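Peer 1: using only what follows, build the 3D model:
(chains A, B and C)
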Amino acid sequence: MPELPEVETVVRDLRVLLCGRSVVAVNAGRRKLRQPWKNAWIPRVIGRQIDGVRRRGKWIVVELDDQSHLLIHLGMTGQLTVRATSEPREPHTHVVFDLDDGSCQLRFRDVRRFGSVRYFPAEFDIDYCLNKQLGPEPWELEPENWHVGWRQSRRCLKAILLDQTIVAGIGNIYADEALHAARLSPRQTGRATSLAQAERIRLAIVEVLERAIAARGTSISDYIGGSGLRGHFQGQLQVYGRAALPCVRCGSAIVVVRLAGRSTHYCPTCQRTAAKSRPRRNRRALPQHK
DNA sequence: ACAGGATCCTGGGGGC
DNA sequence: TGCCCCCAGGATCCTG
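Peer 2: Below you'll find the model as predicted:
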């Protein structure tokens, strides 16, 4: 399940493998992706040199030399890799870009077809579009006000962290890991969360994601990097996928619940919900001491 | 307005 | 052994 660390790993791999290379042919499979690749884009992509590869949230942006772009999302099972053309094409490969002399290819493979590969011409402002639907990157969250959008909310912290408009790039695994690192319950509501706790969450997000990037991400089922290598952060996960196993911090059994439509793993002992959400109104005034 | 749920999609695993 | 059913979760659309 590619989230920010996995997408970042793919982008770093591909940057080395793709920059300076030209697209000489494009082939698309029959089966349609949810947002399908259009063959009408092929003549616009052929002949273009790849100038850069970058990431915004979970989106991959491939910059072409006429200021047009490819925008790729890996969905749940997407793989974007550079392979020798002689290597057999695996099943579920949906779009293939032949590079340079045709000896190697950029391949997009996606078993569940939740991902997409799209082309945007130079006149389309891709950054405006991405910035409109995505919140800041985790390390650009401002400690003073990153929480203003959600700290009055009745939504639970799990749903808040999954919301890409609040912070871009977090998915189910790292939402659970960050909340465990912050020692906060995924069930706790935004409005029950103190400023100090909000800061703990922000720091935990950054810390967990940086460690995951250093480990090339988490490979549980399909995820591989742009060079085909797996990640190894799955060995460092503290709660995700550890149902009924002891919490590494306190030894209590990790529980799984369904929150925001997603399986949610947490420690019921060291990730407690705040006892009360905010001081109640109409509280009886304390007697004045004179 | 806001929050939660349904939807798409396939391979793998559990139960019988 | 084989079949059926359910589960995994990204973004997006729908419902209460």
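Peer 1: got phi/psi on the one residue in chain A that gets nearest to DNA strand C?
Peer 2: Among the residues of chain A, A:Gly171 lies closest to DNA strand C, at 2.9 Å counting by CB to the nearest atom of the strand. All C-beta spots, glycine's among them, are computed from the backbone N, C-alpha and C. Dihedral pair for A:Gly171: phi -120, psi -160, per degrees, to the nearest 10.
Peer 1: so which strand or helix has the closest residue to DNA strand B within the stretch 151-290 of chain A?
Peer 2: The minimum distance from the stretch 151-290 of chain A to DNA strand B, using CB to the nearest atom of the strand, falls at A:Ser153 (3.5 Å). Of the helices and strands defined by DSSP states H and E, none includes A:Ser153.
Peer 1: what's near enough to touch the closest residue to it other than its chain neighbours?
Peer 2: In this structure, A:Ser153 finds its nearest non-sequential neighbour in A:Gly190, 3.7 Å apart by CB to CB, 6 or more residues apart in numbering. Residues counted as contacts of A:Gly190 (CB atoms under 8 Å, 6 or more residues apart in numbering) are A:147, A:150-157, A:160.
Peer 1: A:Asp101: which of the residues you listed is nearest?
Peer 2: A:Ile160 (49.1 Å; CB to CB).
Peer 1: do you know how far that closest one is from A:Gln188?
Peer 2: 10 Å (CB to CB, to the nearest Å).
Peer 1: tell me which of these two has more neighbours.
Peer 2: Taking other CB atoms under 10 Å, A:Ile160 and A:Gln188 do not tie; A:Ile160 has more neighbours (26 against 20).
Peer 1: would you say that one is within a helix?
Peer 2: Yes. Counting by DSSP: H, G, I helix; E, B strand; the rest coil, A:Ile160 falls inside a helix.
Peer 1: do you know how far it is from A:Arg151?
Peer 2: 9 Å.
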